[in-house]
Each structure stands twice: as C-alpha cells, then as structure tokens.
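**Student:** sequence? don't have it. structure:
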C-alpha cells in the first residue's frame, strides 16, 4: 500500500454492511424496542405509552401515590382538583375574569371579598401577577379542599407549606397566588400557579404528580398537623356513609370485591363492624334500585352503580345550594318544586326570573342559572362557560332555549362554492360565483372558516388567503356546532333587566308590553313567578288604560298601534335628556336606516332593553346594544341601521368587515 493512498475507517464488524446509513441513536432505539418486546412477552401484558410520566415530579408522584390501605385509612383526606389552562396569545382576559371571581364578595368567614396572598405576602395584587404572566403559554389552577379544614383558623400556612413541598418535589421555584374561600360547607383554597419555572422555561408537571402526588403531599401535611385519624373518627365516618345517596368508600370496596359474574357475596368479612356496615349499605342500595339479592347472601350490583350514585350526590349538593339561595332571596318553595336539569337535558324554552347565577365547575369556568319560571318551579341548569353568555343579573327576566347543533346556511354556501372550484374558497371566488352578494356577507363566511380553523376542525388556509375545503365540509361544520353546544348547551336571551315589580308602571317598552301585544297566552301557573306575572300583567293593562295607550271593550283590551315604538321613544327621550346634562352634548334620536358614527362610551339598561351611548364631537345617540360593543369600549364605531331594527357595525376608523 502506498503512503499517499486514502484510508477511511468503518465502524462495525468486518465485512458487515448492516450499519451502513444507520446512526448510533437508531441503534439505541432498536435495542430499546427489542427489550420492550421481550419484557412484554415475559409479563404477558401490553404496555401503552400515555405521557403520564413526562414532566417534573413523575418519580415523586409514583412513590407517594403507592400507599398501603392501612396508611390510606389513617391518613387525613384532601381533595385536589387540577386544571391546565392555555392562555390566549392576544391577552389574559380569561385569567383576569378568573381572579375577579376568586375575589368576589362573600367568600370569607366575615362575608367580605376574598384576599389574594402569595408565598411572602398576606395581601397581594392580582394585576401585578398577571403582568408577569403576560406571554406565558399556560398556567395551572388548583382547588385544595381539606376534609378537616374546619380545624384550621387560617389556611394560609398549610397552603404555603404545600407549595414549598411542591418546589422541592419539582426541583424549581414556583410563582403562585392563592385565595381561601369559606362560603361553602367545605372551606377550600384556590391556587393559581404560573406556567414558568425559575429558568424562565415552560413549567411541565407530570400527570402522575398532578393526579396523585400533590394530593398525597397535602394529606401528609394535614395528617402531621392534626394527627392520624383515630378509630372513633374512622368508624363515625363509615357509619354516616351507610345512608348517604352518593358514591362512598363502602361502595368502592363493594365494587372492588365483586366477582367476575357481577355478584357480591356478603358475610365474608371477618370484622363484624365492617360486615354490619356492608349489610346496611346493601339494603340502602336495594331501596335505591341499585342492588338486588339474587340468593341468600349473594347480591348483584347495578352496572351503572358508580355513575348513578355520583349523579345523585351532585344533585343533592345542588339542591342544598338552591335552598341556601332561596333562603337568601326570601323565596319559599317546597323541595318538589325544585328541578335540576342535566347538561343538554332541557327539552323546550324556559322563561323566568333569575334567582342566582354561579359556577357549576370552578376549574372549567362553567356557570349555572337558577330560574324562577312561569310554571311556578325553580329550575337549575348549566349554561356553559362565562364568555358564552351575556351577563344575567339577579332579578332579570330571561328566556332559555336548548341549543340544537345544526349546519348553517353559511356552511352550505361555502360547500357549494368550493365544489365548483376544486375544493377552494376565497372572497374573490365567492364574488365571482355570486356577483349579487355583498362584501359584508363574504366576510361573515370567512369569519366562520377562521373560527373552525382555530378550533382545529379540519379547515386549512393557504398563504394567499385561499381556503382548502374538504368534500365532507358539512360534516365538519356539524362537528364544530357540536363543540359549541358542549361549551354552551343552551341559549340565554335577556328579555329585561328591569325587575318585574317595576315594569308595571315603567316608562318604556317592557317585557310585559311585549307579552300583551303578542296576544299569545303564555302557560302560566298560579304559583311563584307565574302568579306574580299574572298580577303584574293586570297592573300593566291598567297603567296603559290610564295613559291612553289602550282601551277596554266588553272585557277585551285593544292596544294603540305602534305601542312598543311609542313607549320606547318616550323612554329614550327622557333618558337622553338626563344624559345630555352629564355629557354636555345634545341628544339626537337614531334615524331609521341611518348611519351611526362615533365613540362607544357605555351601556345603559332601560325598561326598553339595553342601549349603547355613541358619542361624536357634536352630539350623542342611543342605539341597541350588542355584546361585541362591550369589547370595544372607548373605540370608534360605525354602523348602519337595517330594516329589521338591527345594526351592522364596523369597529375602528378603518374601512373593514361589518359585524351584523
């Protein structure tokens, strides 16, 4: 071999070609796969990757979560609910609303607003915390409920110790704020944790730690403070579970020992106390229709026992909360007049007065309404997330209707245009397909597609603004509507913010006037809100007679033509004169089919409905309010009144899409 010849070494066995083109990483992956298959073959089980061990605290979560039954029985119980919240890149409006809710009135022992605190301060500002969160990808929200929280005069020390323990488990400094709530039967703590570690990177917490590790750490701290549960405490709690109409630890033990054929044999427990408890619980389940004795000592449990008992427990909690709200509002109703609707269960429209509005699920921000309806009963129903419905103050009159997911005409239009242009849609193609359409209508279609794209429903947009529409677009549109229905299962329409007793003599087109003019007899029961409505309708008829806006002939009433318009204009003139003194500008009524231009200043709630104050340099006017205006307070708006009484709005000075 000559010295000037090139020599290139090759790794691997002599004359082996198996490593050609393969990296060392690939070799490791192959070996790991071979080892995994061998381990599965030996154990006879298939392991599945679920991502639960990705992130900080995975090992700690597995270790502390493996308690033996004796330790779990003696340990104090703590419930921890955790949720990861994706923050919007455009702002922290959802996070701000959550903090406002946490600091609402009446959550302390003294009935005062909640006070935020942190690791170092007993009082801190939520605004400064949110400023530091600006730009974060996510945040964590926790609810920590200690079973024996009543034993603590102050929950701040145990919360701080828990967060300090979490810092040690996760190996990073944590930035958080919290508030303690004492307005329920179980005092609890809300914790908001920033989604950044001490290095400024995204904080990823393993699912095993969130689901088990954090709960066990909190239980360890409470057990250290109050001591292990004594035999007397354990026995007292177990006795109380026998007659409870909810899922209990006794039910869990029954299900755990159920045989493969779905039956449970009683009398096998050597402990006479536990055997007595189980026998009593089985008899209770039998009365509830969830268990039957197929033969002496052998029982068959219902297949849906756990889910049914959990629903019964939730219903019981709701009814207790309703009784509390009715007592506060001084409303006397029997338990038989309380109706609890499951999400999406409402079958028809419901009209009534709002008794209360609150959170059905504090972590997911899902709200409920308690409505005193025309049928004389109190209805409790979930209305979805807060941003899906407009504000509904207590005492306002609302109409609630079930939301039926259905494909919209807009979706059919998009599908037809895409089918004619090889699965493509754009504003230019739409105008070419239908020259008679307007730019505002086209913009409505594009907003629809953009909403579906953000929801990841299978709509793609190319760089030039063209949309790629699949052949099953209508199915995808229905899927999107179903997503919206889960977010807000009902539609809530505010009929009037004016309380019923004030509507009888109000200067304005009230909800009572709309019902009188409509002439359709509403199904009204002579009880509760229905009885109050009948009385208010009679008083309103008498007031209209006195005002010369109605006449009576042979027991029937005839109302003046354009009654609603006359009443509305009366009220707007009166309120416009009052606002003119405050604003220092003259009031000008809105012209039919005219143009409205100015700065949106505020919303006013009148007997005739909600109106927006739109002001320019020379004058101001009152126009029907829309929720989209509230997000643009203090900004320039331009609108054109339509023939149906609505307004097509443009936000900002620039010429752009209309919001109808």
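**Tutor:** Sure thing, it's come through. In this text, all values refer to a predicted model and were calculated from it rather than measured experimentally.

**Student:** run through who's touching stretch 403-420.
**Tutor:** 424-425, 429-430, 433, 444-445, 448-449, 467, 469, 471, 473-474, 477-478, 481-482, 484-485, 488-491 (Cβ atoms under 8 Å, 6 or more residues apart in numbering). Using the backbone N, CA and C atoms, a C-beta is placed for each residue, glycine as well.

**Student:** again, only using 6 Å
**Tutor:** Residues outside stretch 403-420 that contact it (Cβ atoms under 6 Å, 6 or more residues apart in numbering) are 425, 429-430, 433, 445, 448, 469, 473-474, 477-478, 481-482, 485, 489-491.

**Student:** okay, and which of these map to strands?
**Tutor:** 425, 490, 491 (DSSP state E).

**Student:** top of those by neighbour count?
**Tutor:** residue 425 (27 neighbours; other Cβ atoms under 10 Å).

**Student:** thought that one was touching residue 466?
**Tutor:** No - Residue 425 is beyond contact range of residue 466, at 7.2 Å (criterion: Cβ atoms under 6 Å).

**Student:** and the ones in strands among the contacts of stretch 403-420, which is closest to residue 192?
**Tutor:** Taking Cβ to Cβ as the measure, residue 192 sits nearest to residue 490 out of the ones in strands among the contacts of stretch 403-420, at 28.8 Å.

**Student:** show me what contacts the closest one?
**Tutor:** Residues near residue 490 by Cβ under 6 Å, 6+ apart: 346, 383, 400, 402, 403.

**Student:** quick one: least confident of those?
**Tutor:** Model confidence across those bottoms out at residue 346, which has 82.

**Student:** tell me if that one really is in a strand.
**Tutor:** No - using DSSP: H, G, I helix; E, B strand; the rest coil, the assignment for residue 346 is coil, not a strand.

**Student:** what sits against it?
**Tutor:** So residue 346 contacts 381, 402, 490 (Cβ under 6 Å, 6+ apart).

**Student:** that one - nearest residue in space that isn't next to it in sequence?
**Tutor:** Leaving aside its sequence neighbours, residue 346 sits nearest to residue 402 (Cβ to Cβ, 6 or more residues apart in numbering; 4.5 Å).

**Student:** specify the beta-bridge partners of that neighbour.
**Tutor:** For residue 402, the beta-bridge assignment (DSSP bridges) gives partners residue 490.

**Student:** relative to residue 350, how far out is it?
**Tutor:** Distance of residue 402 to residue 350, given as Cβ to Cβ, to the nearest Å: 9 Å.

**Student:** quick one: neighbours of the residue nearest to residue 346, just the number.
**Tutor:** By other Cβ under 10 Å, 17 other residues sit near residue 402.

**Student:** ok, residue 160 next?
**Tutor:** Neighbourhood size, residue 160 [other Cβ under 10 Å]: 16.

**Student:** check contacts around the closest residue to residue 309 other than its chain neighbours.
**Tutor:** Nearest residue to residue 309, sequence neighbours excluded (Cβ to Cβ, 6+ apart): residue 247, at 3.9 Å. The contact partners of residue 247, by Cβ under 6 Å, 6+ apart, come to 306, 309, 310.

**Student:** part of a strand, is residue 247?
**Tutor:** No - counting by three-state DSSP, residue 247 is located in no strand; its state is coil.

**Student:** look up phi and psi at the residue lying closest to residue 180 once chain neighbours are set aside.
**Tutor:** Setting aside the residues directly before and after it, residue 180 is nearest to residue 155 in space (Cβ to Cβ, 6+ apart), at 4.6 Å. The phi/psi pair for residue 155 (degrees, to the nearest 10) reads phi -90, psi -10.

**Student:** could you measure residue 155 against residue 144, distance?
**Tutor:** Counting by Cβ to Cβ - residue 155 and residue 144 are separated by 8 Å.

**Student:** so what sits against both of these two?
**Tutor:** Counting by Cβ under 6 Å, 6+ apart, the contacts common to residue 155 and residue 144 are residue 189.

**Student:** and residue 603, which of the three is it?
**Tutor:** Assigned with three-state DSSP, residue 603 falls in the strand class.

**Student:** quick one: the strands in the stretch 351-500 of the chain?
**Tutor:** 366-373, 378-385, 397-402, 424-425, 460-461, 467-468, 490-496 (DSSP state E, counting those that start in this stretch).

**Student:** which residues does the third one contact?
**Tutor:** To tie it back to what came earlier, the one meant is strand 397-402. Here strand 397-402 has contacts from 346, 349-351, 353-354, 392, 490-496, 511, using Cβ under 6 Å, 6+ apart.

**Student:** check the residue nearest to residue 309 and give its pLDDT.
**Tutor:** Confidence score, pLDDT, at residue 247: 91.

**Student:** next, give phi and psi for the closest residue to residue 384 other than its chain neighbours.
**Tutor:** For residue 384, ignoring the flanking residues on the chain, the nearest one in space by Cβ to Cβ, 6+ apart is residue 488 at 3.3 Å. Residue 488 has phi and psi values of phi -140, psi 90 when expressed as degrees, to the nearest 10.

**Student:** so how far is residue 385 from residue 488?
**Tutor:** Relative to residue 385, residue 488 is positioned 7 Å away (Cβ to Cβ).

**Student:** ok, back up a step: give me the more crowded residue out of residue 155 and residue 144.
**Tutor:** residue 144 (25 against 20).

**Student:** now do the same end-to-end measure for stretch 580-590.
**Tutor:** Stretch 580-590 has its terminal residues 15 Å apart, counting by Cα to Cα, to the nearest Å.

**Student:** in it, which residues are buried?
**Tutor:** By 16 or more other Cβ atoms under 10 Å, the buried positions in stretch 580-590 come out as 585, 587, 590.

**Student:** please, where are all the strands along the stretch 151-300 of the chain?
**Tutor:** Under DSSP E, counting those that start in this stretch, the stretch 151-300 of the chain gives strands at 176-181, 188-194, 263-265, 291-295, 298-301.

**Student:** which other helices and strands contact the shortest one?
**Tutor:** Other elements packing on strand 263-265 under the criterion 3 or more Cβ pairs under 6 Å, 6 or more residues apart in numbering; DSSP states H and E are strand 298-301.

**Student:** out of the contacts of residue 247, who has the most neighbours?
**Tutor:** When neighbours are counted by other Cβ under 10 Å, residue 309 leads the contacts of residue 247 with 20 neighbours.

**Student:** average pLDDT across stretch 449-466?
**Tutor:** 85.

**Student:** contacts for it next, please.
**Tutor:** 424, 426, 467, 468, 476, 479, 480, 483.

**Student:** tell me which of these is nearest to residue 638?
**Tutor:** Of all the contacts of stretch 449-466, residue 426 has the smallest distance to residue 638: 25.6 Å, by Cβ to Cβ.

**Student:** let me see the contact set for the closest one.
**Tutor:** By Cβ under 6 Å, 6+ apart, the contact set of residue 426 is residue 466.

**Student:** before we move on, back to that, need the buried ones from the contacts of stretch 403-420 selected in PyMOL.
**Tutor:** Of the contacts of stretch 403-420, the buried ones can be selected in PyMOL as follows, counting by 16+ other Cβ under 10 Å:
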select buried, resi 425+429+430+445+448+469+473+477+478+481+485+489+490+491
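
**Student:** can you tell me which of the contacts of stretch 403-420 are in helices?
**Tutor:** 429, 430, 433, 445, 448, 473, 474, 477, 478, 481, 482, 485 (DSSP state H).

**Student:** how about the contacts made by the last one?
**Tutor:** Shown in contact with residue 485 (Cβ under 6 Å, 6+ apart): 403, 405.

**Student:** ok, the residue nearest to residue 169 when sequence neighbours are not counted to residue 353 distance?
**Tutor:** In this structure, residue 169 finds its nearest non-sequential neighbour in residue 60, 4.5 Å apart by Cβ to Cβ, 6+ apart. Distance, residue 60 to residue 353, using Cβ to Cβ: 51 Å.

**Student:** ok, of the ones in helices among the contacts of stretch 403-420, which one's closest to residue 359?
**Tutor:** The closest of the ones in helices among the contacts of stretch 403-420, once distances to residue 359 are taken by Cβ to Cβ, is residue 485, at 19.8 Å.
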